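> Okay, predicted coordinates and the sequence, questions at the end:
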Amino acid sequence: MLKSEFLHPNRFDSIQSLKDGIKAYIHYFNHQRIKLKLKGLSPVQYRTQSLLS
């Protein structure tokens, strides 16, 4: 997913901009991306919900 959704459509001016972009993508992937398999929650929300129950 990282390659198809993030690396291929983008160009980076430096290694630092690549690192910053990867860090932002990982945050999005874990905190904001909604998955129907996880009852419409992000992975972090789903795991947190399981711990609170």
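Here it is on my side, so go on.
> so what's the residue nearest to Leu2 when sequence neighbours are not counted up against?
Spatially, and ignoring its direct neighbours in sequence, Leu2 is nearest to Tyr25 (6.7 Å; Cβ to Cβ, 6 or more residues apart in numbering). In this view, the C-beta of every residue, glycine as well, is placed from N, C-alpha and C. Listed by Cβ atoms under 8 Å, 6 or more residues apart in numbering, the contact partners of Tyr25 are 2, 5-6.
> Which other helices and strands does the lowest-mean-pLDDT helix or strand in the chain contact?
Lowest by mean pLDDT, DSSP states H and E among the helices and strands of the chain is helix 43-52, with a mean of 81. Helix 43-52 sits against helix 15-31, with contacts defined as 3 or more Cβ pairs under 8 Å, 6 or more residues apart in numbering; DSSP states H and E.
> Mean confidence (pLDDT) on the helix it packs on, please.
Mean per-residue pLDDT for helix 15-31: 93.
> Would you mind listing the buried residues in it?
25, 29 (16 or more other Cβ atoms under 10 Å).
> what angle do that helix and helix 43-52 make?
Here helix 15-31 runs at an angle of 40 degrees relative to helix 43-52 (axes from the mean of the first three to the mean of the last three Cα atoms, to 10 degrees).
> Alpha carbons of helix 15-31, as CSV, please.
C-alpha atoms of helix 15-31 as CSV (Å, rounded to 0.1, in the frame of the first residue of the first chain):
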residue,chain,number,x,y,z
ILE,A,15,15.6,12.3,1.9
GLN,A,16,14.2,14.4,4.7
SER,A,17,11.0,15.2,2.7
LEU,A,18,10.7,11.5,2.0
LYS,A,19,11.0,10.7,5.7
ASP,A,20,8.5,13.3,6.7
GLY,A,21,6.0,12.1,4.1
ILE,A,22,6.4,8.5,5.2
LYS,A,23,5.8,9.5,8.9
ALA,A,24,2.7,11.5,7.9
TYR,A,25,1.4,8.6,5.8
ILE,A,26,1.9,6.1,8.6
HIS,A,27,0.0,8.4,11.0
TYR,A,28,-2.8,8.7,8.5
PHE,A,29,-2.9,4.9,7.9
ASN,A,30,-3.2,4.1,11.6
HIS,A,31,-5.2,7.1,13.0
